[in-house]
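**Q** sequence-free structure coming up:
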């Protein structure tokens, strides 16, 4: 503990870092502030994109990007089930197109409440175009502080995502799903 009258020195860049952190936290409104803060400062140290919800001064995009999905995932992944209203609010805050959201709802056959992991998987599939690329995006987004080779998810989560996407795709036979997952489990 410091003695009375002792002046503490702090780095001159600290106020600017904290001010930007506070602005980004207010913009993003993370459900789990401590978890988000860990991702934020790790990304800052590593020079990676910050997990920040974009605001209107950003360049507008008319398409879903990994960065936009990362921001949504940070907001909504703390719950296993989310409402369409929660998804819609997060979606609109990123200026994403309504027709794409409706398409994802239709493909997923979602009701008013939906499993976040399934919606997330379909978004990854949209971004990636193939199941393989969707799984790569899912692993990267679920582990934003990891390098690609280290961007792992629990095997049960990986299996769930892969099986869900394969069933929705409709072109992957059960034997091929089982064979792929059995191979990965032994690795």
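**A** Cool, the structure landed. All values derive from a computational prediction rather than experimental measurement.

**Q** Going along the chain, name the helices of the protein.
**A** Along the chain, counting by DSSP state H, helices occupy 14-28, 33-46, 66-76, 84-93, 98-108, 116-128, 131-142, 155-169, 174-186.

**Q** Now tabulate these in TSV and tack on mean pLDDT.
**A** What follows is these, written out as TSV (pLDDT from 0 to 100):
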stretch	mean pLDDT
helix 14-28	80
helix 33-46	86
helix 66-76	88
helix 84-93	91
helix 98-108	90
helix 116-128	91
helix 131-142	86
helix 155-169	85
helix 174-186	82
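
**Q** Kindly reformat the ones you listed as CSV containing distance to residue 6 and mean neighbour count.
**A** Heads up, the C-betas are built off the backbone N, CA and C, glycines and all. Formatted as CSV, the helices of the chain follow (distance: least, C-beta to C-beta, whole Å; neighbours: other C-beta atoms under 10 Å):
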stretch, distance to residue 6, mean neighbour count
helix 14-28, 18, 13
helix 33-46, 27, 14
helix 66-76, 39, 22
helix 84-93, 45, 16
helix 98-108, 56, 14
helix 116-128, 49, 21
helix 131-142, 45, 20
helix 155-169, 50, 16
helix 174-186, 57, 11
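
**Q** Adding distance to residue 8 as columns, could you present those helices in CSV?
**A** Below are these laid out as CSV (distance: least, C-beta to C-beta, whole Å):
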stretch, distance to residue 8
helix 14-28, 11
helix 33-46, 21
helix 66-76, 33
helix 84-93, 38
helix 98-108, 49
helix 116-128, 43
helix 131-142, 39
helix 155-169, 44
helix 174-186, 52
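
**Q** Residue 52 is nearest to which of the ones you listed?
**A** helix 14-28 (4.5 Å; C-beta to C-beta).

**Q** what's in contact with that closest one?
**A** 33, 36-37, 40-41, 44, 50-53, 55, 71, 74-75 (C-beta atoms under 8 Å, 6 or more residues apart in numbering).

**Q** how close does residue 105 get to residue 98?
**A** According to C-beta to C-beta, to the nearest Å, residue 105 stands 10 Å off from residue 98.
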